[in-house]
Structure formats: C-alpha cells, structure tokens
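K.L.:
give me the fold of what follows.
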Amino acid sequence: MQNKNSMNRQRGVVAIEFVLGFMALFFVLIFWVEVCVLGFMSSAIDYAIAESSRNARTSANSDYKDVFMRTLNDNDSAWVKFLDRNKFNISVRYYESYNQATNPSSEGSEEREDNPIALYRVSYDYSSIFNWEGGIQNFTLAREVFGIQEFERDQFSQ
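P.N.:
Numbers count the residues shown, from 1 in each chain. Sure, this is the predicted structure:
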C-alpha cells in the first residue's frame, strides 16, 4: 500500500523533467545559433575589408576611398545577401608617414594627395537575432586595415 501511494505522488515527474530539460536544450541551441551567426558576420566583414582594401590599394585611380566604397557596394558574393548594407559605416583616413600613422593622437587626413598610407575602417552595427533579456542586443563589429597605396609608394618614407 505504501508503495502505491509513493507511485501516485511521482506521477508527472517525467513530464516536468522533460519540459525543463527540453527548455534548457532549446536555449542552448538558440545561443549556439546566435554565436554562429555572429561568427559568420565577423568573417564576412573581415573578407569585405580585405578584398576592398586590396582593390583600392592597387587601383590606378587616385580616389582610393571611392574605389573602396564601390568594391564594397558592388560585391555580389554570397555573404552580401545576409548583411544589411545600410548598417555599414565606412571610413578612410590618410597619413603621410609611418610615424604619423602610429601616433595615437594623430587622426590622419581625408586628403589623399601626398599621403601614401591609408587606414580603411569598416564597422557593422550588429543586432542580435533573438532578444535576450539582460543580454547584449546591439553592438558594433569593427575592422581596420592599414595599407600603402601602390601608386603613392614613391612618396612613402619613414
């Protein structure tokens, strides 16, 4: 008789354990998807800045910023379909020497004339897929690349 009462009190425990376990597994899966998407976005931004800066550095066109922007906007790669182009912030700063480029207080110039070193900066305003209470919902992924403009090399000096 005591064994039967004990069994009656345990009814539903399996269902409750299943629901709690499933919820935990579901949240871990959702978190993993978010981390994968974030990794993909980071890789896509790395690829975008690497290709765009390479095209701009080796371009015979003297307007490197225009070449850089055009390469980013005209890219028909698969990653472009997953990124919102309106969330990109792009800037190019020019420096006349290595010392100026490595000086933390130097902001560089927007003028490309006689400034052979360029700092290409791409940032992307990332919004998380799932809104987590108390979690990070919006932040910026940023990448920077220094490059010597190939057709300005004769002016490069340290």
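K.L.:
could you use CA atoms for every contact and neighbour count after this?
P.N.:
Noted.
K.L.:
distance of the residue nearest to residue 34 when sequence neighbours are not counted from residue 35?
P.N.:
Closest residue in space to residue 34, ignoring its immediate chain neighbours: residue 129 at 6.7 Å, by CA to CA, 6 or more residues apart in numbering. Per CA to CA, to the nearest Å, residue 129 is found 10 Å from residue 35.
K.L.:
in three-state terms, label the residue nearest to residue 34 for me.
P.N.:
Classification of residue 129 using DSSP: H, G, I helix; E, B strand; the rest coil returns coil.
K.L.:
count the neighbours of residue 84 for me.
P.N.:
Residues near residue 84, counting by other CA atoms under 10 Å, number 11.
K.L.:
meant to ask about residue 127, not that
P.N.:
14.
K.L.:
following element in sequence after the helix or strand hosting residue 37, please.
P.N.:
Element membership for residue 37 (DSSP states H and E) is helix 13-57. Downstream of helix 13-57, the first helix or strand assigned by DSSP H and E is helix 64-74.
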